[in-house]
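In: Sequence and predicted structure are below.
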Amino acid sequence: MQAIVLVGGEGTRLRPLTATIPKPALTLVDRPFLAYMIEWLAIHGVTEVVLACGFLPDVLRETLGEGEHGGVRLSYVTEPERRGTAGAIRFAADALGDRLEDRFLALNGDVLTDLDLTALLAAHERWDSRATLALYGVEDSAAFGLVRCDGDGAVLEFTEKTGEPAPGEVNAGAYVLARSVLDLIPAGKEVSIEREVFPLLVETDLHGLRLDGYWMDIGTPERYLQATWDILEGRVRTQVRPTAPGLLVGAGAEIASAASIGPRAVVSAGCSVGAGAEVRNSVLLEGCSVGADVRLTNSVLSAGVTVEDGATLSGAVIGQDEIVRAQS
Ligand code: GDD
Ligand code: MG
């Protein structure tokens, strides 16, 4: 099974974490965000992933590597200019050429999820559909694609971003597509699958299957932290092995015996935490140095940050290699 993963967005709401690193390459707990997606796809039989890149494609390539990741064949394509969600799928599909299979998966690359794609593929076959969407139930559908189906899973209406804060079933950003869907996407143009393609398939050729499980967009610092604890406390199925529930201390991290870490914390490889420091509900990415008597709560430190002795940070998001001084 082949999968096209859309990773062309800029992740602006996660700045400064994503100032130099595209969101899919950002470390979440102990691996790049996109590694979770690839591992999830592999569980459901995907053997080849094409990453449709836009922003900072080289960083993505350096982070995830060329050729293969966890038994999945990986390749990268970069659109010459912004193509939109459907245009990017078309561009990646064209790059696969004759090797593209008759049906394939297409996914938004910005959610952490363990939804049952095997069930989605089975439903697609059963319905003999052209496009089958994974749906997820939410309390506030305003910022998503709201989907209304009949009792047999046929999509009657697809409305992208209603702006109405009503509960409903939304597009989870995981699709099974028949190759013929590509005929509806003109090449070389910016095209939105949500606004321009799905509406053409509604009623006859578009189905939706509601799936339960974990599903979260990690687009803001609050959600990035929540996803961290969800992984470390086992609310989402991943391959991460916590040090203790809610806690991960990476290899080679040096924590002074008089420091207090947790209950929820990530102290990545190569970090040091000084005596008397307190790290609570916070994430330290690789190689951070936290001085003596520092108080850190609900904060995220990008790789290589230095926090000087005695500083206090609460709800802070610090960019790569910055130095935080104590207020005098
Ligand atoms: N390669 C490429 N090129 N990727 C793109 C482009 C593009 O031009 N535009 C967007 N993407 C990628 C983004 O990086 C992201 O992974 C995915 O496509 C979806 O784009 P977002 O900008 O994150 O859309 P959204 O979150 O507002 O809405 C989408 O996702 C929701 C679920 O999270 C829609 O698909 C909604 O219908 C859906 O409910
Ligand atoms: Mg999104």
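Out: That came in fine, so what should we check first? Ligands and ions are numbered 1, 2, ... in the order given.

In: The least confident helix or strand in the chain by mean pLDDT: which residues count as buried?
Out: Sorting the helices and strands of the chain by mean pLDDT, DSSP states H and E puts helix 57-64 at the bottom, at a mean of 86. Across helix 57-64, burial judged by 16 or more other CB atoms under 10 Å covers 57, 59, 60, 61, 63, 64. C-betas here are computed from N, CA, C, even on glycine.

In: got JSON lines for those residues, with distance to residue 143 too?
Out: As requested, the buried residues of helix 57-64 are exported to JSON lines (distance: CB to CB, whole Å):
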{"residue": "57", "distance to residue 143": "26"}
{"residue": "59", "distance to residue 143": "27"}
{"residue": "60", "distance to residue 143": "25"}
{"residue": "61", "distance to residue 143": "30"}
{"residue": "63", "distance to residue 143": "27"}
{"residue": "64", "distance to residue 143": "28"}
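
In: I'd like to know which of the residues you listed is nearest to residue 295.
Out: Closest approach between the buried residues of helix 57-64 and residue 295, by CB to CB: residue 63, at 31.3 Å.

In: For the closest one, which non-adjacent residue is spatially closest?
Out: residue 25 (4.0 Å; CB to CB, 6 or more residues apart in numbering).

In: Residue 193 now?
Out: residue 86 (3.8 Å).

In: likewise residue 61?
Out: residue 76 (5.5 Å).

In: in the sheet, who's paired with the one you found?
Out: With DSSP bridges as the criterion, residue 76 is bridged to residue 51.

In: Pretty sure it sits against residue 53.
Out: Yes. Counting by CB atoms under 8 Å, residue 76 touches residue 53, with 5.6 Å between them.

In: The two: which has the busier surroundings?
Out: residue 53 (24 against 18; other CB atoms under 10 Å).

In: The closest residue to the more buried one other than its chain neighbours: neighbouring residues, count only.
Out: Closest residue to residue 53 apart from its sequence neighbours, by CB to CB, 6+ apart: residue 78 at 4.7 Å. Residue 78 has 19 neighbouring residues, counting by other CB under 10 Å.

In: Near residue 126, how many other residues are there?
Out: 12.

In: any idea whether it is helix, strand or coil?
Out: When classified by DSSP: H, G, I helix; E, B strand; the rest coil, residue 126 comes out as helix.

In: residues contacting it?
Out: Shown in contact with residue 126 (CB atoms under 8 Å, 6 or more residues apart in numbering): no residues.

In: May I ask you to confirm that residue 226 is in contact with residue 216?
Out: Yes. At 7.2 Å, residue 226 counts as touching residue 216 under the criterion of CB under 8 Å.

In: Can you name every helix or strand that the host helix or strand of residue 208 contacts?
Out: Counting by DSSP states H and E, the element that carries residue 208 is strand 206-210. If you count contacts as 3 or more CB pairs under 8 Å, 6 or more residues apart in numbering; DSSP states H and E, strand 206-210 packs onto helix 117-127, strand 131-138, strand 145-149, strand 155-160, strand 168-178.

In: how does it look with 7 Å?
Out: Under the contact criterion of 3 or more CB pairs under 7 Å, 6 or more residues apart in numbering; DSSP states H and E, strand 206-210 touches helix 117-127, strand 131-138, strand 155-160.

In: need the next SSE after it, C-terminal direction.
Out: strand 215-217.

In: chain center to that following strand: distance?
Out: Distance, stretch centre to chain centre, for strand 215-217: 8 Å (CA atoms, centre = their mean, to the nearest Å).

In: Check whether that strand comes near ligand 1.
Out: Yes. With CB under 6 Å from any ligand atom as the measure, strand 215-217 is seen reaching ligand 1 through residue 217.

In: got the contact list for that strand?
Out: By CB atoms under 7 Å, 6 or more residues apart in numbering, the residues outside strand 215-217 that reach it are 110, 111, 112, 113, 115, 136, 172, 223, 227.

In: Same check on stretch 267-279?
Out: Against stretch 267-279 from outside (CB under 7 Å, 6+ apart): 249-256, 258-261, 265, 284-296, 309.

In: just these that are near ligand 1?
Out: Okay, of those, nothing touches ligand 1 (CB under 6 Å from any ligand atom).

In: Next, count neighbours for the residue lying closest to residue 196 once chain neighbours are set aside.
Out: Leaving aside its chain neighbours, residue 196 sits nearest to residue 86 (6.3 Å; criterion: CB to CB, 6+ apart). Other residues within reach of residue 86 by the criterion other CB under 10 Å amount to 25.

In: show me the contacts for residue 86.
Out: The neighbourhood of residue 86, defined by CB under 7 Å, 6+ apart, consists of 185, 191, 192, 193, 196, 197.
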